[in-house]
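Participant: how would this look folded up:
(chains A and B)
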Amino acid sequence: EPEVTQTPSHQVTQMGQEVILRCVPISNHLYFYWYRQILGQKVEFLVSFYNNEISEKSEIFDDQFSVERPDGSNFTLKIRSTKLEDSAMYFCASSADRDNQPQHFGDGTRLSIL
Amino acid sequence: GNSVTQMEGPVTLSEEAFLTINCTYTATGYPSLFWYVQYPGEGLQLLLKATKADDKGSNKGFEATYRKETTSFHLEKGSVQVSDSAVYFCALSPPGGYQKVTFGTGTKLQVIP
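Facilitator: Numbering: from 1, shown residues only, chains lettered A, B, ... in the order given. The predicted structure is shown next:
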C-alpha cells in the first residue's frame, strides 16, 4: 500500500536555527497537510496546501513557518528561528481529494530544539 | 468551531476483554468521522471511518457507528489482544472544505496478557 514518507525521523537543532522537515506524499494525492503533536498533547492542524498554495492555516502557523512543494514529489515544512516550544512530533499527511477521502499520515519527524 | 471529546485514558484491559472508547463531537452539518491509531513509536494510521449518519466503519475487529442523534462515534472491539495496545484518536473532518482534521486528545489502551 502506498505510504507517506517523512525524513528525517528525528531532528535535533539548536534554538534559533532554521529547520526543514521533508515529506513525500502518496503519488496521486493532491492535498497536503502538516500537523504537530507536542508531547502528551493532541494532534493539531497547522496548514493545508493545494495547487501550490496554502488553502488553510491555523493560528499556530505564523510567519515563522512556511511550506513549499519544490518539485513534483516533495512537500516541505520550514521553521525559521526555532524556539524551544517548537519541539514536537510533526506529521505530514496527504489525501486524494477533499470530499470524504481520508488523510494518510506519515510516521512523523520528532523535532527536538535544544 | 468543531471539536472532538473522547474518554480519558489510560484504559487497561485484560486480553479478550470487551473494549469501548467513547467519542462525541461538535460540528456543523455532517462531518466525516474517523478513528486513527498510533502504535508505540509510529505515526498515525487510519483505523476506520464513516461518512454519513448510521454508517458503520469497521477494520481489524474494531467497529464504530456514526450516530447523528447523539453526535457520537464510539469505538468497540469484542475481544482485545495485546497487539492492540496503542493510542486511539477520534477525529472529524468537516463536509466540503479542505479536510482540516480535528483530533480528540487520544486514549491510551494497554492490554495485558
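
Participant: only C-alpha atoms from now on, for both contacts and neighbour counts.
Facilitator: Will do.

Participant: now do stretch B:71-83, average pLDDT.
Facilitator: In this model, stretch B:71-83 carries a mean pLDDT of 97.

Participant: so where is the chain shaky, pLDDT-wise?
Facilitator: Just going to use chain A. Where chain A drops to pLDDT under 70, the residues are A:1-2, A:98-100.

Participant: hm, I was asking about chain B
Facilitator: The model of chain B has pLDDT under 70 over residues B:96-99.

Participant: dump the residue contacts of the closest residue to B:Ser85 other than its chain neighbours.
Facilitator: Distances taken as C-alpha to C-alpha, 6 or more residues apart in numbering or on different chains place B:Gln110 nearest to B:Ser85, at 4.7 Å, with adjacent residues excluded. Applying C-alpha atoms under 8 Å, 6 or more residues apart in numbering or on different chains to B:Gln110 gives the contacts B:Pro10, B:Val11, B:Thr12, B:Leu13, B:Val82, B:Asp84, B:Ser85, B:Ala86.

Participant: tell me which two of those sit farthest apart.
Facilitator: Within the contacts of B:Gln110, B:Pro10 and B:Val82 form the most distant pair, 14.6 Å apart (C-alpha to C-alpha).

Participant: quick check: closest non-adjacent residue to the residue in chain B positioned nearest to chain A.
Facilitator: Scanning chain B for proximity to chain A using C-alpha to the nearest C-alpha identifies B:Gly43 as nearest, at 3.6 Å. Once flanking residues are discounted, B:Gly43 sits nearest to A:Asp107: 3.6 Å by C-alpha to C-alpha, 6+ apart.

Participant: just A:Thr109 next, same as before
Facilitator: In space, A:Thr109 comes closest to A:Ser9 once its chain neighbours are excluded; the distance is 4.5 Å by C-alpha to C-alpha, 6+ apart.

Participant: how about the secondary structure of A:Glu85?
Facilitator: helix (DSSP: H, G, I helix; E, B strand; the rest coil).

Participant: contact partners for the residue of chain A found nearest chain B?
Facilitator: Distances between chain A and chain B by C-alpha to the nearest C-alpha are smallest at A:Asp107, namely 3.6 Å. By C-alpha under 8 Å, 6+ apart, the residues touching A:Asp107 are A:Val4, A:Thr5, A:Gln6, A:Ser9, A:Phe91, B:Glu42, B:Gly43, B:Leu44.
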